[in-house]
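Peer 1: here is a sequence with its predicted model. Questions after.
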Protein chains: 4
Amino acid sequence: MYFKSFFDTQLAQMAYLVGCQQTGEAIIIDPLRDIEAYIETAEAEGLKITKTAETHIHADFASGLRDVIRKLGAVPYVSDMGGEDWTYQNMPDNTVFLREGDTIKIGNILLDVMHTPGHTPESLSFLLTDKGGGSSVPMGIFSGDFLFVGDVGRPDLLETAAKMEGTTDAGAKDMFRSVQKAKALPDHLQVWPGHGAGSACGKSLGAVPMSTLGYEKENNWAFQYVDEEAFKKELVEDQPEPPHYFAEMKKINKLDVPLASDIRTYPVASRELTEITIDLRAKEVYQSKHAYGTLNIPMNENFLSYAGWFLDYEKELTLIGSKEEADAAARQLQLIGYDKVKGYVSPNALDLETVSLTTEAEEFLRMYREKKQELNILDVRSIAEWKENHLDGAEHILFGDLLKKEIPFDKNAPVFVHCQTGIRSGIALGALEKRGFAHAVNIKGGFEALEALMDE
Amino acid sequence: MYFKSFFDTQLAQMAYLVGCQQTGEAIIIDPLRDIEAYIETAEAEGLKITKTAETHIHADFASGLRDVIRKLGAVPYVSDMGGEDWTYQNMPDNTVFLREGDTIKIGNILLDVMHTPGHTPESLSFLLTDKGGGSSVPMGIFSGDFLFVGDVGRPDLLETAAKMEGTTDAGAKDMFRSVQKAKALPDHLQVWPGHGAGSACGKSLGAVPMSTLGYEKENNWAFQYVDEEAFKKELVEDQPEPPHYFAEMKKINKLDVPLASDIRTYPVASRELTEITIDLRAKEVYQSKHAYGTLNIPMNENFLSYAGWFLDYEKELTLIGSKEEADAAARQLQLIGYDKVKGYVSPNALDLETVSLTTEAEEFLRMYREKKQELNILDVRSIAEWKENHLDGAEHILFGDLLKKEIPFDKNAPVFVHCQTGIRSGIALGALEKRGFAHAVNIKGGFEALEALMDE
Amino acid sequence: MYFKSFFDTQLAQMAYLVGCQQTGEAIIIDPLRDIEAYIETAEAEGLKITKTAETHIHADFASGLRDVIRKLGAVPYVSDMGGEDWTYQNMPDNTVFLREGDTIKIGNILLDVMHTPGHTPESLSFLLTDKGGGSSVPMGIFSGDFLFVGDVGRPDLLETAAKMEGTTDAGAKDMFRSVQKAKALPDHLQVWPGHGAGSACGKSLGAVPMSTLGYEKENNWAFQYVDEEAFKKELVEDQPEPPHYFAEMKKINKLDVPLASDIRTYPVASRELTEITIDLRAKEVYQSKHAYGTLNIPMNENFLSYAGWFLDYEKELTLIGSKEEADAAARQLQLIGYDKVKGYVSPNALDLETVSLTTEAEEFLRMYREKKQELNILDVRSIAEWKENHLDGAEHILFGDLLKKEIPFDKNAPVFVHCQTGIRSGIALGALEKRGFAHAVNIKGGFEALEALMDE
Amino acid sequence: MYFKSFFDTQLAQMAYLVGCQQTGEAIIIDPLRDIEAYIETAEAEGLKITKTAETHIHADFASGLRDVIRKLGAVPYVSDMGGEDWTYQNMPDNTVFLREGDTIKIGNILLDVMHTPGHTPESLSFLLTDKGGGSSVPMGIFSGDFLFVGDVGRPDLLETAAKMEGTTDAGAKDMFRSVQKAKALPDHLQVWPGHGAGSACGKSLGAVPMSTLGYEKENNWAFQYVDEEAFKKELVEDQPEPPHYFAEMKKINKLDVPLASDIRTYPVASRELTEITIDLRAKEVYQSKHAYGTLNIPMNENFLSYAGWFLDYEKELTLIGSKEEADAAARQLQLIGYDKVKGYVSPNALDLETVSLTTEAEEFLRMYREKKQELNILDVRSIAEWKENHLDGAEHILFGDLLKKEIPFDKNAPVFVHCQTGIRSGIALGALEKRGFAHAVNIKGGFEALEALMDE
């Protein structure tokens, strides 16, 4: 048996390639839209990807299922559980719809289908047995977004992101049962989850890429609860806010995703900046000089998790940066189904005249102590961070909501903005400019710096 | 002034980027369809490509003019000379049609238009003067396919490749006049030609990438003739056969070329091999074992010059090789306007059962001396090579014509094939298989080896 | 906790980087000499490699321990078990010598040391507990060459490769005890072995990169034996012949390994070919034409496993191939401690005049049936393959021994050579040339092809 | 003939590879220490580098002559002119010392040696004639640092950088004669100079990579002078200050340069920062937060031209940045003969606490107008820029001299620093910190911004 996991750092997502060397067949489980690496690996191993499976309809990225089907001619295996609302549409005739107890065969390898709802109603897990290796006991479980290392999938995305009321409670209940069901599986099973640390599909995913069921039974909080209500309460508490683009994903992944291509971006004139324009440069460079009203989301490994809050899937988007950065950003955006990048403008070709206002944490604290009630303070961190501690007198609006929610300050007055360390407040500066706040002031080092000073 | 030439080794083609640093404007002259390198260079230099020009309607590659226009919004400058048959069609409204004496301005740089027909009726050259550098004398000439290092453009392509009768003689006449006209230009001019050694647009292009007009006046054969008729005779004599795809180029370059994209190939099943299937592996590997009836055109720097003989622009094509080789081949084919690669098959996924028959030159010579008249001998070299010397009793068919011309041998008898050194005969082996000759035998080392032995 | 494995395909070797994000410290376990990837990964994760550990003195590659110590200033942790012969020498003063029960701390991560001899007397395993992740149960075991996926380490390398008599039996005994000891560990442990499929450190390693102890208890043959003698018999039977270079590794790894550098090769004149010269081209290309007496070991993913048979660590070596191939080969050789590549010769710069003689399996079989007793047949496969089945009348000499052992044939007579599929016999052709056999004939497709024909 | 130029953007330097395809020989003229690209190009063209030549003893980079000699076994051709002080030492026995009128043969290509002193006493030019191409007239001239596009080499480097008194005037005289000598050469010659725009070896080099002699006769200022004294005056006037490292180059290039290797850098502990530590990050990132007293020289295409001012060839150097940036910087430094990079520190591993003080040009101007006489203003531009125009009351010290010259300000008072646009003043900030000026304030946008405001 050949086995390889593919970890995408932007999405903290894992796809798995499993192949039978005896027959040359392989399956790709939970593929992203960028399928080149899967093909190259299979080719290097003398395998052909003939099948593809999904554990569930993903909420956090655009599925590569349709790419694998159409480009490689692979047969798709998808969930038939969860009811009508959860049925894949526009699938080819040879699609295999899976139910509890079904089996997928890849040469001499078996994947036994388990229904493990909770994250979503149709969620499946696959138990792998390597018959070719001569074993009759299962080796591991592809647990999708049911079971992570140290956590389980969150049941509230549908309600929070896709506004489907009442689904959170039902999901939490399902999840409790799925966990109990998993307890019956043997300790020695490897656990191959759908996400690693950094994904918004759970709240406390571990950074270790894989685990074993026995280890999770001992260490994963979800296995420690015997009381369903307590479990449910813990499960839904303090889940991170899902980025706005999640709402889009369920829809397109269920209905259809157009084929991905190797996106290349081209320079456009500076007059072609779009309503939302993303500046890809480092935050210090942006804050030193930028075009007024542009959003600063640096092209680094966290690009998608920030950009995903500001996309309008109906509209074009312009980028500011080098061709290399713009190409990279456009390819990342494609992974979450956004294909409308209009082009990029080189920073040299723009009048970059706006300097972000900045104050040292120390300086701010002095003012704060003097005249707290006169200051407009905006905390753009997550609700969980806010709940844990925040400045007295501050207003809270999540950075990703700044273009959507009302901001209760005078547009002509200074607004002091902070997040935890200074990255999200950097994005907030541009969002505030867009909303007409010309005097947003970034508190350097964020709440972390303020707390450190207050502790002294 | 910024100046950079881009040399494409497959097409032996040169594009030129010229920019004015004072205004930030740049022009790309004679672009290929793959425009990424032009953009990246311009960006690195702080330049924006705002204009693009062509010296003439190219016959040997698909023009990137339309890509530059549509992707970059550049204003096109093209020839208005040569009459109705030579008028670019489907051009944007802001197209500038150029006539003798016109000037293109790129910031403080001037390109003065000279009509230099001969290769084609509409051919232009551009004389560059760098006003920004403070000079009033021209610095060099973009001579397109009029003037090469050591040669001039051939006038017979239209007749030979595109079957336009009578154009060769008219072109040769034009070329004589264009050469005389060039004699009046100053010696110090740099000559920036459209092609380097290896192009089929001329017969004896030098390998040095550029020259000066004074040097060409001294050394280029074309400048030595004073008699028009003698010049014309020399010009058309022994021109290499143009690959079949040339016929296609004039048409699409005049009418329209669809936008290029970053082509990626995908594995297809072995049963999906197309009528023409190209095996991209090294010739020794192919000859050791291959699929019957496939053509062996190794993916190296000469790929296009061989593949261009066998393309059917209406039909799909399958490749044999790794994904990396197939992607590279598909990108190369796109440069000559062929976008229909269906996919590739990994050699491992095929039954490669056919071994090419081979004979050492020595062994062949022994047979040849014994029973010359009984042997079927096929010489697949160019007509010029054939004319210079060939085996008594051999038949001549150019390798690129083997799928089109009648082959006057018994399909069940051995056919001994040779070229000059063994590369083209390697391609011929597959072509003969396709035509039903199952007993083609490759003479190792080709005519070069035979001649060496006969000289001993 | 951060965890990443690094798999080297040439050596089928695994190194592991484990870091504590809370303190920023990291350890690299069983490093190769090429440490760039370890550093880059650590850097990207914000970790600093402050420690390094080895499970045992490696026999199959040159250890990167000294590189990590000297280049990164890391503190080394090595075995203090196994007695005097197994003590690392020339180690820095801050070296920690480990005994059963010791613990290595990397921030909040613990590695508990277990003595698991068998493969070698000093072999250790490390049990990892992630205190930082809040767990008190161990997560997995770095099992070195004690426990592989589906196999255990071989105890006979010292005797076979390093000629240390009597060590095999003692090692097998140790191994039995180590396996019993491992049975007491919990099923849920992840198993992180030192090698994957393809390593000569065991005979039947699985291709799956990791396993769990519970799964191994069920499936690994070594856990099924209760009788020590039967276990020992099974353990030593049919182990693959270790490449000659193994003898060198123990020595240098114990004593010292010079620091690795980024090796670059330079062209040398064709007259500078060394006694052993390795031709890196594909076997078909080599067999079609090569320099007499050169060895053909293609530069692909199996290069090291073949080249390791023919190295003389005291002498320089010349390569034939492109600069790119030669650089790659030289870097691979450095991984097994060979740093004496003299340079390379481009194939174009050589008189490649020798054509390898070849016969189709069918043709050979015809001769074999007619006059078996007159044929000189040489089987160069492993002893295990030979034992399973071989041609009546054939002689057996392992391909890797062809330069060392007597070859019992007339040097002027044809010698028919085969391996299983044609790769090792390709190498054998050159070795036979070196030994003066000018008429070695390769049987195409090897024993596999012969068997298929005989079955018909 | 094969011809290729290699342009190094950091050094604005040109090396030339010229080969004769008929004999397979090639020469590399004026090689840098990084010779990989030369070899790869030669190999791809089927050429072998058998000879190497230098136009003169370089002052601005470490010569790759010794690398080519020792790694490739090439025969060196160097100047025998200029007297004893200018004689290459420690050269191999087969070195050919060239005098006016000598000829270098590379297959059928001839290089005729011309003595063209001025830049240095031993400077040669090589006139190329391509006999293989059938020509008896020369094609072009390798003019080294004698003749550039639009300029001639400066004669004052020895006096300015290497403190050899009286050499400037003698050189200027020589240069006048060399220019007159060149006037006699034909207009059609291509001019292949040793440097392009950006080199400190001349003051007004054009950005066009090559020229012709006829064009230079018309446009190059040096050809317009008939009066020697006027020429000399113009020649030495306003030459840019040569970076301090120039002094080192003459010495090592004449005596010996150790062989270059592929330098890799390793992380060192933050306590290992050296006296001179270079921070490689973008200037905005550095100014936002950096380690006190470190110099900010961003790793971009101008790195060498700034770093060359601050190197102490006797001492080790630490870098701040990523491994990728540090490796790149170390490789660049090797090109100017500096091989003592100690390692790098990741920015994450440092306490970056110093924020550079900054003032907007507008704000500064307000203060300046109010109380000019009270401000400490430091202009760190070149002397030529200073001479053209500067702020009344400002002091001038070139940025590259800030660690060496006395700075006439109170260390506890604010010092307002500017250059032309803000890059050199960014470097100056760290230098001032090193010198104990804790209150250096950067004027954003530099003199350019100030002038624009004053013009309003």
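Peer 2: That came through, no problem.
Peer 1: which residues in the stretch 51-200 of chain A form helices?
Peer 2: Secondary structure of the stretch 51-200 of chain A by DSSP state H, counting those that start in this stretch: the helices cover A:65-72, A:157-160, A:167-183.
Peer 1: hey, what's A:L17 bridged with?
Peer 2: Beta-bridge partners recorded for A:L17 (DSSP bridges): A:K4, A:I28.
Peer 1: please verify my assumption that it contacts A:Y38.
Peer 2: Yes. Applying CB atoms under 8 Å, one finds A:L17 in contact with A:Y38, separated by 5.8 Å. No exception for glycine: its C-beta is placed from N, CA and C like everyone else's.
Peer 1: give the residues shared as contacts by the two.
Peer 2: Listed as contacting both A:L17 and A:Y38 by CB atoms under 8 Å, 6 or more residues apart in numbering or on different chains are A:F6, A:I28, A:I49.
Peer 1: which residues touch the last one?
Peer 2: Spelled out, it's A:I49. Counting by CB under 8 Å, 6+ apart, the residues that A:I49 touches are A:L17, A:A26, A:I27, A:I28, A:Y38, A:I39, A:A42, A:V68, A:L72, A:A74.
Peer 1: which other helices and strands does the worst-scoring helix or strand of chain A on mean pLDDT contact?
Peer 2: Here the helix or strand of chain A ranked lowest by mean pLDDT, DSSP states H and E is helix A:157-160, holding a mean of 84. Packing partners of helix A:157-160 (3 or more CB pairs under 8 Å, 6 or more residues apart in numbering or on different chains; DSSP states H and E): helix A:167-183.
Peer 1: show residues contacting the helix it packs on.
Peer 2: With contact meaning CB under 8 Å, 6+ apart, helix A:167-183 is reached by A:114, A:116-121, A:123, A:146-147, A:152-153, A:155-156, A:158-160, A:213, A:217, A:222-223, A:225, A:228, A:231-232, A:235-236.
Peer 1: if we go to 7 Å?
Peer 2: With CB atoms under 7 Å, 6 or more residues apart in numbering or on different chains as the contact definition, helix A:167-183 has outside contacts at A:116-119, A:121, A:146-147, A:152, A:155-156, A:158-159, A:213, A:217, A:222-223, A:228, A:231-232, A:235-236.
Peer 1: how about stretch A:444-451?
Peer 2: A:T358, A:T359, A:E360, A:A361, A:L365, A:R381, A:H418, A:C419, A:Q420, A:T421, A:G422, A:S425.
Peer 1: repeat that with 10 Å
Peer 2: A:287, A:358-365, A:368, A:379-381, A:385-386, A:388-391, A:394, A:417-426, A:443, A:452-454, D:288-289, D:355 (CB atoms under 10 Å, 6 or more residues apart in numbering or on different chains).
Peer 1: from A:F364, how far out is the residue of chain A most remote from its centre?
Peer 2: Computed with CA atoms, centre = their mean, the residue of chain A farthest from its C-alpha average is A:E370, at 41.4 Å. As judged by CB to CB, to the nearest Å, A:E370 and A:F364 stand 11 Å apart.
Peer 1: A:F246 too?
Peer 2: 34 Å.
Peer 1: need the residues of the stretch 151-300 of chain A near chain D, please.
Peer 2: A:R281, A:A282, A:K283, A:E284, A:V285, A:Y286, A:Q287, A:S288, A:K289 (CB under 10 Å from any CB of the partner chain).
Peer 1: just to be sure, the fourth one is in a helix?
Peer 2: Yes. Counting by DSSP: H, G, I helix; E, B strand; the rest coil, A:E284 is part of a helix.
Peer 1: can I assume it is in contact with D:Y286?
Peer 2: Yes. A:E284 is in contact with D:Y286 according to CB atoms under 10 Å; the separation is 8.4 Å.
Peer 1: when these two are compared, which one has more neighbours?
Peer 2: D:Y286 (27 against 20; other CB atoms under 10 Å in any protein chain shown).
Peer 1: for the closest residue to that one other than its chain neighbours, give the beta-bridge partners.
Peer 2: Distance criterion CB to CB, 6 or more residues apart in numbering or on different chains; nearest residue to D:Y286, sequence neighbours excluded, is D:N296 at 4.1 Å. With DSSP bridges as the criterion, D:N296 is bridged to D:D279.
Peer 1: hmm, D:N296 is touching D:S288, no?
Peer 2: No. Using CB under 10 Å, D:N296 makes no contact with D:S288, being 11.0 Å away.
Peer 1: list residues touching both of the two?
Peer 2: D:R281, D:A282, D:S356.
Peer 1: I'd guessed the second one sits against A:V285; true?
Peer 2: What that stands for is D:A282. Yes. The pair formed by D:A282 and A:V285 meets the contact definition of CB under 10 Å, at 5.9 Å.
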